[in-house]
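Engineer: curious how this folds, go ahead:
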Amino acid sequence: MEQTHGSWGNRTRIFKWDGGLVTYLDLVPNQRCSYHFHKTAFNQFYVVSGCLGVKTDKGYTTKLTKGQAFTVEPEIKHEFQTYEEPTEIIEIAYVRYDSSDIYRQTLGGALEVTDEPER
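Structural biologist: Below is the predicted model of the structure:
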């Protein structure tokens, strides 16, 4: 597990795959991350303990408490912030699902039923 540290707290990367990553963040009080956006990634924040604010370029801040989650879509500018208490969150970043991302080699359908076993 990869660990990094910032002024806002500690980050532990739990799991990473080609389509995204899962990170545990142990955040200190009264801090914020950079205001930023992602071209293709969704960011989902799940609060384990404490209170997290998520500010977006939509003009509002959503306050989350234990057990609540918030998803920021790609290309939406955002930042998270903490308040008076330490906060723990799980952050899941994942890329946009594309339903056209399937390249069929054959068509599906009914199987032909025979009495002979397949060889």
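Engineer: next one: the closest residue to residue 2 other than its chain neighbours from residue 92, what distance?
Structural biologist: Beyond its immediate neighbours in the sequence, the residue positioned closest to residue 2 (CB to CB, 6 or more residues apart in numbering) is residue 13, lying 4.3 Å away. (Glycine included, C-beta is placed from N, CA and C.) Taking CB to CB, to the nearest Å as the measure, residue 13 falls 12 Å from residue 92.
Engineer: quick one: which of those two has more around it?
Structural biologist: Of the pair residue 13 and residue 92, residue 92 is the one with more neighbours under other CB atoms under 10 Å, namely 18 against 14.
Engineer: in what helix or strand does the closest residue to residue 16 other than its chain neighbours lie?
Structural biologist: If you skip the residues right next to it in sequence, residue 16 has residue 22 as its closest partner in space, 7.7 Å away by CB to CB, 6+ apart. Using DSSP states H and E, residue 22 sits within strand 20-27.
Engineer: so what strands line up beside that strand?
Structural biologist: Strand 20-27 has these partner strands in its sheet, going by DSSP bridges: strand 9-17 (antiparallel), strand 87-95 (antiparallel).
Engineer: residues in contact with the first one?
Structural biologist: Put plainly, it is strand 9-17. The set of residues external to strand 9-17 that reach it, using CB atoms under 8 Å, 6 or more residues apart in numbering, is 1-5, 21-28, 31, 82, 90.
Engineer: any stretches of this structure with poor pLDDT?
Structural biologist: Along the chain, the parts satisfying pLDDT under 70 run over 97-98, 101-103, 116-119.
Engineer: taking the contacts of strand 9-17, please make a PyMOL selection of just the buried ones.
Structural biologist: A single PyMOL command suffices to select whichever of these are buried according to 16 or more other CB atoms under 10 Å:
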select buried, resi 22+23+24+25+26+27+82
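Engineer: quick one: which of the contacts of strand 9-17 is nearest to residue 42?
Structural biologist: Comparing those against residue 42 with CB to CB picks out residue 21 as the nearest, at 11.6 Å.
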